[in-house]
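# This is the structure alone, sequence omitted:
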């Protein structure tokens with residue numbers, strides 16, 4: 001556990017939005033606002049590559065970013081992507097740098113797609129773009145019977 005805390009290296013493994021002209025993308029990429037639209041820009045090299053597929057329209061309650069393995073089967077970014085990769089740790093980027101939609105892994109939905117968070121019936125946004133990639137470490141959900149490790 002102390003090894004994890006002292007040698008943490010991250011590479012992004014997922015995209016947050018699918019390219020407007022395509023419903024699927026492979027590998028790691030993120031999207032940032034440019035002239036009111038989303039423009040692709042690459043992230044650090046992925047340690048674990050997945051395909052993503054968008055369903056629903058961006059900035060609506062129905063938007064979901066679903067993940068697929070190399071064989072095309074649905075997978076959960078929370079449960080199925082390994083924590084450790086070759087030479088580092090994987091991270092699922094839920095909110096790419098310089099975006100403001102409050103996106104989260106939907107922990108109560110099948111296969112845990114990424115969706116925009118809703119509070120009191122409204123889609124949540126930050127007051128302005130965040131200046132870093134925000135996300136989660138896969139396979140790090142809390143086990144009530146497990147040992148708590150703090151860094």
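Thanks, I have the structure now. The shown structure was predicted, so the numbers you read here are calculated from the model rather than taken from an experiment.

# got any ranges where this protein has weak pLDDT?
For the chain, applying pLDDT under 70 flags the ranges 1-47, 144, 148-151.

# pull the longest strand from it.
Counting residues, the longest strand found in the chain (DSSP state E) is strand 88-95.

# Quick check: buried residues in that strand?
By neighbour count on 16 or more other CB atoms under 10 Å, the buried set for strand 88-95 is 89-95. For the C-beta atoms, the positions are set from N, CA and C on the backbone; glycine is no exception.

# Then stretch 105-112?
For stretch 105-112, burial by neighbour count (16+ other CB under 10 Å) applies to 105-106, 111-112.

# Between all of the residues you listed, which two are separated the most?
Pairwise distances across these (CB to CB) peak at 10.1 Å, for the pair 105 and 111.

# so what's in contact with these two at the same time?
The contact sets of residue 105 and residue 111 do not overlap (CB atoms under 8 Å, 6 or more residues apart in numbering).

# For residue 67, give its distance to residue 106.
12 Å (CB to CB, to the nearest Å).

# shared neighbours, these two?
With CB under 8 Å, 6+ apart, residue 67 and residue 106 have common neighbours residue 113.

# list the contacts for residue 66?
52-55, 74, 111, 113.

# make that residue 79, sorry
Residue 79 neighbours (CB under 8 Å, 6+ apart): 112, 138-139, 141.

# closest to residue 127 among the residues you listed?
Distances from residue 127 to the contacts of residue 79, taken by CB to CB, are shortest for residue 112, at 26.9 Å.

# which residue ranges form the helices in the protein?
Counting by DSSP state H, the chain has helices at residues 2-6.

# do you know how far residue 79 is from residue 141?
8 Å.

# no no, residue 118
21 Å.

# Run through the bridge partners of the nearest residue to residue 123 once chain neighbours are set aside.
Nearest-residue entry for residue 123: residue 116, 5.0 Å, with adjacent residues in sequence omitted and distances by CB to CB, 6 or more residues apart in numbering. Following DSSP bridges, residue 116 is listed with bridge partners residue 103.
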